[in-house]
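**Student:** My questions are about this predicted structure, shown below with the sequence.
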Amino acid sequence: MVKGATLMGLSRRVVDQNLVDKDRALEILEAAHKNQRSFLREALESSEIDRAQLLHSASEESGMPLMDLGAFDLTQRPIDLVDARFIEAHGVLPLFKRGTKVFLAVPDPTDIGGLDAFKFQSGLGVEAILVDPKALTRAIRDVSSGMGTELADLENDSGLDDLADQNTTSTQKDEAGADTPIVRFVNKILMDAIRQKASDIHIEPYEGKLRVRYRLDGIANPPLSLSPRITARIKILSNLDIAERRAPQDGRMKLKLSKNHEIDFRVSTLPTQFGEKVVIRVLDSSGSDLSLQALGLEPDQFKLYEEAIHKPYGMILVTGPTGSGKTVSLYSALS
């Protein structure tokens, strides 16, 4: 037990309401201190306390209204106040705006850090609404990239399975095998890259394993260690020869998120000492404003670029480091 621990606030209320006995409440309080999180967060992990009643008690204790997140149309939420990374980092979700006040979904009444950060970032007043933390986590995951409903529709893998069927011969299917866990995991790699707005996916072979890294804002993040069985799945999706492992190959695939939104993946493989290295370039043509005016070119540069685009001959070379905007510049010229 936490030395000198006393039940107060929500821990006292759940005992008074007979949701849990005093000894168990003290155990939850001790675990909360140990795990450095609130009593509510710790208690929600306990299957012996009714989740809905616990959230209702937290609402009563804090005076914060409790609402069902499913009652809100998240496609109508204000999206121009903070970016996706802010939402993911602070765990709060703007639901709607009235005047100079924004109503935020929060997972815990005692965690005011996200509210304060939102006030500072947006310069607006906030009103907190308590929601189920699990539902909030799912909602933030689905909307953080600005493609929530589209990605949610693909969670059952149907879009990527259709893509594989279109690009795969019967021989490739037989050779790859029906490795459902790997199929789902490759789908997850691609979906996570879209959600995090990664520009590249690096799949790097090492002795006995692969590792995957996403490039975000030009920086390749620390790797995940994976089973080395996923390369064949990537090659199938990209219409590459899965039997060829000694020569470089280039391919591409297209994932249709909705009627007017497609993601292109440019895939390159290269043989190494321990197997094939795979680099996947994520090309989201709708992920930014593709007008030439939005590129931020100086007037004289803009004029030269526009003239070059409209010439019926010649070649335009766009160079620069990773994340500098080469792809956006080229897509702008094509749009």
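**Tutor:** Alright, I've got the coordinates. Numbers count the residues shown, from 1 in each chain.
**Student:** just the strands in the protein please.
**Tutor:** For the chain, the strands defined by DSSP state E cover 93-98, 101-106, 125-130, 200-206, 209-216, 219-220, 224-226, 249-258, 261-272, 275-284.
**Student:** And the contacts of the third one?
**Tutor:** Around strand 125-130, the neighbours that count as contacts under CB atoms under 8 Å, 6 or more residues apart in numbering are 55, 58-59, 62, 64-67, 95, 100-109, 115, 118-119. In short, each C-beta sits where N, CA and C put it, glycine included.
**Student:** For those residues, which PyMOL command selects only the ones that are buried?
**Tutor:** A single PyMOL command selects the buried members of the contacts of strand 125-130 (16 or more other CB atoms under 10 Å):
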select buried, resi 55+58+59+62+64+66+67+95+102+103+104+105+106+107+108+109+115+118
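**Student:** out of the strands of the chain, nearest to residue 25?
**Tutor:** With CB to CB as the measure, strand 125-130 is the member of those nearest residue 25 (20.1 Å).
**Student:** Now do that closest one against strand 93-98, angle only.
**Tutor:** Angle, strand 125-130 to strand 93-98, by axes from the mean of the first three to the mean of the last three CA atoms, to 10 degrees: 130 degrees.
**Student:** so for strand 125-130, what's the average pLDDT?
**Tutor:** In this model, strand 125-130 has a mean pLDDT of 91.
**Student:** give me the number of residues near residue 267?
**Tutor:** By the criterion of other CB atoms under 10 Å, residue 267 has 21 neighbours.
**Student:** Could you do residue 284 as well?
**Tutor:** Using other CB under 10 Å, residue 284 is surrounded by 22 other residues.
**Student:** ok, it - contacts?
**Tutor:** Residues counted as contacts of residue 284 (CB under 8 Å, 6+ apart) are 194, 197, 263-264.
**Student:** hmm, 7 Å instead?
**Tutor:** residue 263 (CB atoms under 7 Å, 6 or more residues apart in numbering).
**Student:** From residue 66, how far off is it?
**Tutor:** Residue 284 is 37 Å from residue 66, where distance means CB to CB, to the nearest Å.
**Student:** Check what pLDDT the residue nearest the centre of the chain gets.
**Tutor:** The residue lying closest to the centre of the chain (CA atoms, centre = their mean) is residue 195, at 3.3 Å. At residue 195, the model reports a pLDDT of 74.
**Student:** what about it, distance to residue 284?
**Tutor:** Separation of residue 195 from residue 284 (CB to CB) stands at 11 Å.
**Student:** swap in residue 79?
**Tutor:** Spatial separation of residue 79 from residue 284 under the definition CB to CB is 16 Å.
**Student:** likewise residue 295?
**Tutor:** 16 Å.
**Student:** cool, residue 183 as well?
**Tutor:** Distance from residue 183 to residue 284, by CB to CB: 23 Å.
**Student:** Please apply the same query to residue 77.
**Tutor:** Distance of residue 77 to residue 284, computed by CB to CB: 21 Å.
**Student:** Would you mind giving the domain segments of this protein?
**Tutor:** Using automatic domain parsing, the domain parsing of the chain gives 10-62, 69-144, 152-284, 292-334.
**Student:** Would you single out the least confident of those?
**Tutor:** Across the domains of the chain, the lowest-scoring stretch is domain 152-284, with a mean of 74.
**Student:** Good, we can wrap up now.
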